[in-house]
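Just need the structure, nothing else, for what follows:
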Amino acid sequence: FQTEEFYLKSEEELRQLFPNCEEAFANTVKIADMCNLEFVFNEYHLPSFPVPEGYTNEEYFRKLEADTIRSLSGGCPQVFALGGGAASNPYLTEEELKGLGCWIYLDIAPEIAYGRILHRGLPPFLKDADDPQKAFLDLYEKRTPRFRELADITYAVREGLSPLQQTEELLKKLREEMKI
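Got it, this is the predicted structure:
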């Protein structure tokens, strides 16, 4: 389900939602004072996964990615969005990629794409970069030609349109291209 409610509400918002629960606010402060917990934001705390011998972390990730793409397709044509590393995955041949279904490239200005990434927090592949923005722009520049080459449909993402409007436009283009 879709909601805009996945965030930490301010005390003011909570007091508006629960105006007759003064005791609950006092108890919350008491509990917080008894806890020794430090929140660290914009850092990932991911578990360590052992990588089989003979693989680097990146190689094993790409192998699992390829296996997952194959299993998700289930032999039926699918719609795939380009944007990650699947287009250059060494475990997937071009024939395999093309045979999986329709590939869509969401053509978005790199500055806008990077801004959206920052909104969610840096992903692990950018977190350790000396200059995350430069690392992202380099990756964007490297991958974009491959995305354009592989894409069956390219959709130019535009500022000022809501995600719903963008989706409706993309579906219209998809229907026209696929004649459905």
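
Scan the helices and strands of the protein for the one with the lowest mean pLDDT.
Using mean pLDDT, DSSP states H and E, the weakest-scoring helix or strand in the chain turns out to be strand 78-82, at a mean of 72.

Other residues contacting stretch 91-103?
62-63, 65-67, 69-70, 73, 76-82, 86-87, 150-153, 174, 177-178 (Cβ atoms under 8 Å, 6 or more residues apart in numbering). Any C-beta I mention is one placed from the backbone N, CA and C, and that applies to glycine too.

buried subset of those?
Using 16 or more other Cβ atoms under 10 Å as the burial test, the contacts of stretch 91-103 include 62-63, 65-66, 69, 80, 82, 86-87, 150-153, 174 as buried.

From those residues, which shows the smallest pLDDT?
Between the buried ones among the contacts of stretch 91-103, the one the model trusts least by pLDDT is residue 82, at 69.

Can you give the distance of the least confident helix or strand of the chain from its chain's centre?
14 Å (Cα atoms, centre = their mean, to the nearest Å).

Beyond the top strand by length along the chain, next helix or strand please.
If you go by DSSP state E, the chain has its longest strand at strand 101-107. Downstream of strand 101-107, the next assigned helix or strand under DSSP states H and E is helix 110-120.

Residues touching that next one, excluding its own?
Counting by Cβ under 8 Å, 6+ apart, 123, 126, 133, 136, 137, 140, 141, 157, 159 sit against helix 110-120.

quick one: buried residues of that helix?
Taking 16+ other Cβ under 10 Å as the criterion, helix 110-120 shows 113, 114 as buried.

Average pLDDT for the very next helix or strand once past that helix, rounded please.
With elements assigned by DSSP H and E, the helix or strand that comes after helix 110-120 is helix 124-127. The average pLDDT for helix 124-127 rounds to 76.

Point out where this protein drops to low pLDDT.
Residue ranges of the chain with pLDDT under 70: 1-6, 44, 46, 74-77, 82, 180.

In it, which helix is the longest?
helix 132-150 (DSSP state H).

So which elements touch it?
helix 94-99, strand 101-107, helix 110-120, helix 124-127 (3 or more Cβ pairs under 8 Å, 6 or more residues apart in numbering; DSSP states H and E).

Figure out which of these is closest to residue 19.
helix 110-120 (31.8 Å; Cβ to Cβ).
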